[in-house]
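**Q** dropping the sequence and predicted coords here.
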There are 2 protein chains.
Amino acid sequence: MKAAIITIGDEILIGQIVDTNSAFIAKSLDRIGVEIHEMISISDNKQHILDTFAKFQNRVDLIIITGGLGPTKDDITKKTFCDYFEDELVVNDKVLQHVTQLIEGFYKRKITQINKDQALVPSKCTVLHNQVGTAPGMWMKKENTVFISLPGVPFEMKYLVENKIIPKIVTEYKRPYIVHKTILTYGIGESLLSETIENWENNLPEFVKFAYLPSLGSVRLRLSARGTDKDILEKSIEENVISLSKIIGDFIVGFDDDETLEAVLGRLLTQQNKTVSTAESCTGGKIAQVLTSVSGASNYFKGSVVSYATETKIAVLGISEDLIKEHSVVSAEVAKQMAIHVKEMMKTDYAIATTGNAGPSKGDSNAELGSVFIALATPNEVIIEEFNFGQPREKVVDRTVMKSLEMLRKEILKNVQ
Amino acid sequence: MKAAIITIGDEILIGQIVDTNSAFIAKSLDRIGVEIHEMISISDNKQHILDTFAKFQNRVDLIIITGGLGPTKDDITKKTFCDYFEDELVVNDKVLQHVTQLIEGFYKRKITQINKDQALVPSKCTVLHNQVGTAPGMWMKKENTVFISLPGVPFEMKYLVENKIIPKIVTEYKRPYIVHKTILTYGIGESLLSETIENWENNLPEFVKFAYLPSLGSVRLRLSARGTDKDILEKSIEENVISLSKIIGDFIVGFDDDETLEAVLGRLLTQQNKTVSTAESCTGGKIAQVLTSVSGASNYFKGSVVSYATETKIAVLGISEDLIKEHSVVSAEVAKQMAIHVKEMMKTDYAIATTGNAGPSKGDSNAELGSVFIALATPNEVIIEEFNFGQPREKVVDRTVMKSLEMLRKEILKNVQ
């Protein structure tokens, strides 16, 4: 079963917003064995939309279209659907009732004509009821291809994909088996990794595809097997992951598809019944934010002091002014004291502290742009590392966040063994 | 001048990573008047790549391809280029020298064959030297279409677009004028906005396109004018923005293309010479992180106490345990005390405090999922607002962050007037 994803909207084509919907839809379809043939973004132009529909007609089984369903004048998807299917818009009573309830009952506003028009749908379509917004999803079939239109607002699109589309496809269509396994590695670059595992890679069976996905400080490896016999696929993936782990086990952080360092850390801290706090200068609260993006973080994360200004380091964290004067605010000594003080304030087992110069201009120190100190206070000692993450600012912050989580993970593992 | 953007990589098609490169390239091209005809993502499959090249051949002037240039086995873009252009790979000495210097000089590793292969390029191509990575960009022309291949690593791609491609296009090609203006609004929904400005929208000239880009709590409006006479375009956009401001001025936060609430706030605080701190519970440091994402934030942001755990609210922020017991940790009273205490600790003019239940599970309180209190301490008073942002967790956090920044902005403006 093959699918295409079409995103409609000038805002995508001029680069004003990043299309995150397509990735979500692709991932959801991929999990149930639907292969994505293409993703395409086109403008709010009727002819271009019609041409794109025609291009995929009978070449794919499923076309998912997002965008252009809002209440405003630049939204033309519904009219274009009517053209393509030689259909007309009619009021759907159930949708009208829902829209009215949402606007008048929840938002406490009087319903207007523009709101009511949200209930207009092509007469031949199957409505996918959108409980979390006003624009309904639509499911229509022409010859061998199903066309599904969804609103572009991400949480409405997600609601419809998860609650309406995936269940409908799973019930109504037969699909091949597809097995993915992702391996998250930290601390080894793509080239070196590739050479280290070259033989292993050459010995992978034909039906297993292998890919490298590098990002800041980490490389995700992905094995994908596709076929008809689920057991064979799963067994092959499992065996190959085991043999890969023997070669690069030290660099492997986790295995889940959506695995993140912060989720791995969260599980480790929970298992070990340990807590952590942070004192952040150059990272501005991002370590705290990343740690708390994991649901259940309140079990191990106590809090953070974001001491962005030097006076906050002194007044709130209690760092000595003389120490700062002597060593500069970006120094191993200040990082160390920040970690010690916040660990004590928050009564945690571990504490991470960061101080550095993220750039682009220099702050209260003469440290080089990109220069960062990370201190990790453990139950027994304080480990301090110095880095230069270069520029730009976002990269310095993100690498500091990832590096500090990696340091914490290594340290916890050491105490487990 | 028309362009297409092609992203190559299975990781995009299975939804494992979101394609952010295309938006960056689109925005860069749009600014110099190059229209993006389509963006398309396809798999690491030679035939699919060749078909896509053929589809755009002579239909667009420019094709920009990202991905598939890495050193590993799944990277096939260069070989496919050779097929399409009937060319062969040759070693480029300048690239080889750069790769050698980068690996041996900077990374202090011995250069390997895989590294050396990065210097192989099609013999007919113009090399776009990549100073920040090992994979060079390539520029080739066939009939009326220029093909440009770039590495998929975002900061390498950005370097080549900004430093090599845009300057080359600007020098070598004639383009039409294009003028965009973005208007960032807060506090009014898309439907109501659309009705309020319906007459204004109907009176826009033919050559001006208008779009609504809603996101959490805000709607961006975009005017785009395209034509040959720059003065006419600019004048028309300016006049229409002025007349729009007369209708919805109260909701307009800013005008720049990349305008954000945090940047607007940063300028306001700097102009007024005021400072801010935050005490964050449910937002977990994200307000601090958003504020410090603006370069120069150290002028007005002193720091934050992320008091994720109840005991941190007591021990670090000094909130009375009795108060928490009496009112619950998610309450107006606790939010108020958090704001007062952090304002005092950090000696700032303003302080924002958040406490709420972001979900999905309940924390140290029985507050409803999505229930949030935001307190804003100003020089004269503390304003407290209660919200229910529903679910999921990320939406609760993001809406709390945006709402609190909006409250702060309104308050500062009040004191300015």
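**A** Arrived safely, thanks for sending.

**Q** need the residues of the stretch 101-250 of chain A near chain B, please.
**A** Taking Cβ under 8 Å from any Cβ of the partner chain, the part of the stretch 101-250 of chain A that reaches chain B is made up of A:107, A:109, A:112, A:114-115, A:134, A:153, A:155, A:180, A:182, A:189-192, A:194-195, A:201, A:209-215, A:220, A:222, A:224. Yep, even glycine has a C-beta here, placed from its N, CA and C like the rest.

**Q** could you tell me which of these count as buried?
**A** Among these, those classed as buried by neighbour count (16 or more other Cβ atoms under 10 Å in any protein chain shown) are A:114-115, A:134, A:153, A:155, A:180, A:182, A:190-192, A:194, A:201, A:209-214, A:220, A:222, A:224.

**Q** give me the subset of those lying in helices.
**A** Applying DSSP state H to these, the entries found in helices are A:114, A:115, A:155, A:190, A:191, A:192, A:194, A:201.

**Q** just put these in a markdown table and tack on pLDDT.
**A** Converted to a markdown table, these look like this (pLDDT from 0 to 100):
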| residue | pLDDT |
| --- | --- |
| A:114 | 84 |
| A:115 | 86 |
| A:155 | 85 |
| A:190 | 81 |
| A:191 | 79 |
| A:192 | 84 |
| A:194 | 87 |
| A:201 | 93 |
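
**Q** so which of these comes closest to residue A:311?
**A** residue A:155 (40.4 Å; Cβ to Cβ).

**Q** what is the least confident helix or strand in chain A?
**A** Between all helices and strands in chain A, the lowest mean by mean pLDDT, DSSP states H and E belongs to strand A:208-215, at a mean of 82.

**Q** which elements pack onto that one?
**A** Counting contacts by 3 or more Cβ pairs under 8 Å, 6 or more residues apart in numbering or on different chains; DSSP states H and E, strand A:208-215 packs against helix A:190-196, strand A:218-227, helix A:230-248, helix B:10-13.

**Q** touching, residue A:193 and residue A:213? I think so.
**A** No - using Cβ atoms under 8 Å, residue A:193 is not in contact with residue A:213; the gap is 11.4 Å.

**Q** show me the common contact partners of these two, please.
**A** A:219, A:221 (Cβ atoms under 8 Å, 6 or more residues apart in numbering or on different chains).

**Q** highest mean neighbour count out of the helices and strands packed on strand A:208-215?
**A** Highest mean neighbour count of the helices and strands packed on strand A:208-215: helix B:10-13, a mean of 26 (counted as mean count of other Cβ atoms under 10 Å in any protein chain shown).

**Q** all strands in the stretch 1-150 of chain A, in order from the N-terminus.
**A** Counting by DSSP state E, counting those that start in this stretch, the stretch 1-150 of chain A has strands at residues A:2-8, A:35-42, A:62-66, A:89-91, A:120-122, A:126-128, A:137-142, A:145-150.

**Q** would a markdown table of the helices and strands packed on strand A:208-215 with distance to residue B:159 be doable?
**A** Formatted as a markdown table, the helices and strands packed on strand A:208-215 follow (distance: least, Cβ to Cβ, whole Å):
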| stretch | distance to residue B:159 |
| --- | --- |
| helix A:190-196 | 18 |
| strand A:218-227 | 20 |
| helix A:230-248 | 29 |
| helix B:10-13 | 21 |
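
**Q** does stretch A:314-324 come close to chain B?
**A** Yes - remark: stretch A:314-324 sits within contact range of chain B at A:315, A:316, by Cβ under 8 Å from any Cβ.

**Q** what residue spans form the domains of chain A?
**A** Domain segmentation of chain A under automatic domain parsing yields A:2-172, A:177-254, A:261-416.

**Q** give the burial count for residue A:412, as a bare number.
**A** Residue A:412 is flanked by 20 other residues according to other Cβ atoms under 10 Å in any protein chain shown.

**Q** and the host helix or strand of it, what's buried?
**A** For residue A:412, the host element (DSSP states H and E) is helix A:393-416. Using 16+ other Cβ under 10 Å as the burial criterion, the residues of helix A:393-416 that qualify are A:393, A:395-409, A:411-412.

**Q** same question for stretch A:263-281.
**A** For stretch A:263-281, a neighbour-count test (16+ other Cβ under 10 Å) marks A:263-266, A:268-269, A:274-281 as buried.

**Q** please list which of those are also close to chain B.
**A** Among these, chain B is touched by A:277, A:278, A:280 when using Cβ under 8 Å from any Cβ.

**Q** now, the residues you listed that are in strands?
**A** Using DSSP state E, the members of these that fall in strands are A:277, A:278, A:280.

**Q** the helix holding residue A:412 - what's its average pLDDT?
**A** Helix A:393-416 shows a mean pLDDT of 89.

**Q** could you check whether it is close to chain B?
**A** Yes - residues of helix A:393-416 contacting chain B under Cβ under 8 Å from any Cβ: A:393, A:394, A:395.

**Q** residue A:143: what's it in contact with?
**A** Listed by Cβ under 8 Å, 6+ apart, the contact set of residue A:143 reads A:57, A:58.

**Q** and it, how far from residue A:58?
**A** According to Cβ to Cβ, to the nearest Å, residue A:143 and residue A:58 sit 6 Å apart.

**Q** what's the end-to-end length of stretch A:77-93?
**A** Its first and final residues considered, stretch A:77-93 spans 20 Å by Cα to Cα, to the nearest Å.

**Q** residue A:339: how many residues sit nearby?
**A** Counted with other Cβ under 10 Å, residues neighbouring residue A:339 total 27.

**Q** can you tell me the SS state at it?
**A** At residue A:339 the chain is in helix, as set by DSSP: H, G, I helix; E, B strand; the rest coil.

**Q** quick one, grab the pLDDT at it.
**A** pLDDT, residue A:339: 98.

**Q** so it sits against residue A:376, correct?
**A** Yes - under the criterion of Cβ under 8 Å, residue A:339 makes contact with residue A:376 at 6.5 Å.

**Q** okay but residue A:371 is in contact with residue A:388, surely?
**A** Yes - counting by Cβ under 8 Å, residue A:371 touches residue A:388, with 5.3 Å between them.

**Q** quick one, which of the two is more surrounded?
**A** residue A:371 (22 against 14).

**Q** measure that one to residue B:280 for me?
**A** Counting by Cβ to Cβ, the gap from residue A:371 to residue B:280 is 27 Å.

**Q** now for residue A:339 and residue A:376: what residues contact both?
**A** Contact criterion Cβ under 8 Å, 6+ apart; residues shared by residue A:339 and residue A:376: A:351, A:352, A:353, A:382.

**Q** among those, who's most crowded?
**A** For the shared contacts of residue A:339 and residue A:376, the largest number of neighbours (other Cβ under 10 Å) sits with residue A:353, at 35 neighbours.

**Q** any idea which element that one lies in?
**A** Following DSSP H and E, one finds residue A:353 within strand A:350-356.

**Q** partners of the helix or strand just after that strand in the sheet?
**A** Next along the chain after strand A:350-356, taking DSSP H and E as the criterion, comes strand A:371-377. Strand pairing for strand A:371-377, determined by DSSP bridges: strand A:350-356 (antiparallel), strand A:382-388 (antiparallel).

**Q** if we can go back for a sec, quick check, nearest of the ones in helices among the buried ones among the residues of the stretch 101-250 of chain A next to chain B to residue B:99?
**A** Here the nearest of those to residue B:99, counting by Cβ to Cβ, is residue A:191; it sits at 10.0 Å.

**Q** return the residues in contact with that closest one.
**A** With contacts defined as Cβ under 8 Å, 6+ apart, residue A:191 is in contact with B:71, B:112, B:114, B:115, B:134.

**Q** JSON lines please, covering those residues and showing distance to residue B:253.
**A** Shown next, in JSON lines, are the contacts of residue A:191 (distance: Cβ to Cβ, whole Å):
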{"residue": "B:71", "distance to residue B:253": "45"}
{"residue": "B:112", "distance to residue B:253": "52"}
{"residue": "B:114", "distance to residue B:253": "50"}
{"residue": "B:115", "distance to residue B:253": "48"}
{"residue": "B:134", "distance to residue B:253": "42"}
